[in-house]
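>>> pasting the sequence and the predicted model now:
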Amino acid sequence: MAEPTAAGIYVHVPFCLTRCGYCDFNAYAGMDELKPRYLSALLREAAMSSPGWAGTPFVSAFLGGGTPTTMRVEDLADLLAHLRSSFDLADDAEVSIEANPDTVDEASLRAIREAGYDRLSMGAQSFDPAVLAALERIHQPSSVRAAFGAARDAGYANVNLDLIYGAEGETLESWELTVRETVALAPEHVSAYALTIEPATPLGRAVAGGATPEPDPDLQAEMFMLACDLLRDAGYRHYEISNWARPGFECRHNLGYWERRPYVGLGAGAHAYRDDVRWWNVRPPEQYLSMVEAGDLPIGGSESLDPSDAYLEEVFLRLRILEGVPASWFEEARYGPFIETGLLEDELGQLVPTERGMLLLNELVLGLTA
């Protein structure tokens, strides 16, 4: 009998100090009074969900948001202890928690690490004050440096810094400064995302109304290539389109998504996946709380992937994590032109995108599969 596939747990904490104008996540400011109820609901949802995952080994847990570090440290500790008692979470599982620089200090980080959260992912976004202002982030570059130093002092040896490029007013020179400042701190992992405009956000409405310019895709492409060069030179391995890591520090949890491994989703709006079926919780926190408190799983919807959709997703994700896809899956006439133009490389029979090819991933997938 085959061993069950290792899985991950995602827990969504929707609370934030402020709501950034570009953010389309299920996050809210000014709801702190819900935190005690929300913690109780997470514990109850975990207890209701876990029987359906009996016998499944879990190798990662990820507390995201929102800003999980706006929760009390004692509550974060209780939550992780409950996850360990509800699910078969390995002793050496990777346990990540997201943080914003202004919500942590050495004492809180030490307590969070001692509670079992061994990987810290911090939202730095930029080291340019003007870019942070354009993104409506409330912290300053000095806050990132201080919080990173506090994480090291607290014993963290696995830290990720999140960056965003392409905000209004950001130049290639400014972005280079941000990447170099990041490298100077020497985190184990770096995530860098191109700013995308979501229509339902304040930034999306500002762009639609002409008050704010759209990001320049050509400039964003230059920024991406610059990050590739600087991070490679600094010893980081580019293992996924938007992610770089020191060898051995690739994010195990996020790799689970890209490798199409199963995962549980707990909390308002959280998603789950198993056996080509996805389902997700209701998004509004009050609705989530009401359903869980009534003893119901807070599922808001689901979808099943048919074989053709599953195949397309497999191709897309294999290319996204630079694993590549077997050339034998396709006629040479489909992939040959991409090799000639330098968007794909044939590595011992595996078609792998180049960094230029990563910029055109959707076109590559369509060209290979349409």
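Here it is on my side, so go on. Numbering: from 1, shown residues only.
>>> G8: what secondary structure?
What DSSP: H, G, I helix; E, B strand; the rest coil gives for G8 is strand.
>>> that one contacts S60, doesn't it?
Yes - when contacts are counted by C-beta atoms under 8 Å, G8 is listed as touching S60 (4.3 Å). No exception for glycine: its C-beta is placed from N, CA and C like everyone else's.
>>> so where do the helices sit in the stretch 101-250 of the chain?
All helices of the stretch 101-250 of the chain, identified by DSSP state H, counting those that start in this stretch, fall at 106-114, 129-134, 141-153, 172-185, 202-208, 217-233.
>>> identify each buried residue in the longest one, please.
It stands for helix 217-233. Using 16 or more other C-beta atoms under 10 Å as the test for burial, helix 217-233 gives 219-220, 223-224, 226-228, 230-231.
>>> wait, isn't C16 in contact with G65?
Yes - applying C-beta under 8 Å, one finds C16 in contact with G65, separated by 6.9 Å.
>>> overlap in contacts of the two?
Common contacts of C16 and G65 (C-beta atoms under 8 Å, 6 or more residues apart in numbering): A27.
>>> who has more neighbours out of these two?
It is G65, of C16 and G65, that has more neighbours when counted by other C-beta atoms under 10 Å, with 24 against 21.
>>> residue contacts, that one?
12-16, 25, 27, 98.
>>> same question for P337.
P337 sits next to G367 when contact means C-beta under 8 Å, 6+ apart.
>>> then it would be within a helix, right?
Yes - counting by three-state DSSP, P337 falls inside a helix.
>>> shared neighbours of G8 and S60, anything?
What both G8 and S60 touch, as defined by C-beta under 8 Å, 6+ apart, is the set 252-253, 256.
>>> which of these ranks first by neighbour count?
Using other C-beta under 10 Å as the neighbour criterion, G256 leads those with 24 neighbours.
>>> need the per-residue pLDDT for the spatially closest residue to that one that is not a sequence neighbour.
Of all residues not flanking G256 in the chain, G8 sits nearest, at 4.3 Å (C-beta to C-beta, 6 or more residues apart in numbering). The score at G8 is 98. That number is its pLDDT.
>>> do the same with V95
According to the prediction, V95 has pLDDT 98.
>>> give me the distance from the helix or strand containing it to the chain's centre.
If you go by DSSP states H and E, V95 is part of strand 88-99. The chain centre lies 15 Å from the centre of strand 88-99; the measure is C-alpha atoms, centre = their mean, to the nearest Å.
>>> stretch 284-301 now?
Mean-position distance between stretch 284-301 and its chain equals 24 Å (C-alpha atoms, centre = their mean).
>>> show the end-to-end separation of stretch 280-294, please.
The first and last residues of stretch 280-294 sit 18 Å apart, counting by C-alpha to C-alpha, to the nearest Å.
>>> show me what that stretch is in contact with.
With contacts defined as C-beta under 8 Å, 6+ apart, stretch 280-294 is touched by 12, 14, 26, 28, 31, 34, 37-38, 41, 44-45, 48, 265-272, 297-302.
>>> who touches stretch 21-30?
Contact with stretch 21-30 is made by 12, 14-19, 65-67, 135-136, 164, 167, 195, 197-198, 200-203, 206, 268-269, 283, 285, as judged by C-beta under 8 Å, 6+ apart.
>>> in it, what counts as buried?
Buried residues in stretch 21-30 (16+ other C-beta under 10 Å): 21-23, 25-28.
>>> I'd like those residues laid out as TSV, including pLDDT and distance to A333.
Output for these, formatted as TSV (pLDDT from 0 to 100; distance: C-beta to C-beta, whole Å):
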residue	pLDDT	distance to A333
G21	73	46
Y22	74	41
C23	76	43
F25	81	42
N26	87	44
A27	88	46
Y28	91	51
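>>> just the ones of the residues you listed in strands?
Secondary structure from DSSP state E places Y28 of the buried residues of stretch 21-30 in strands.
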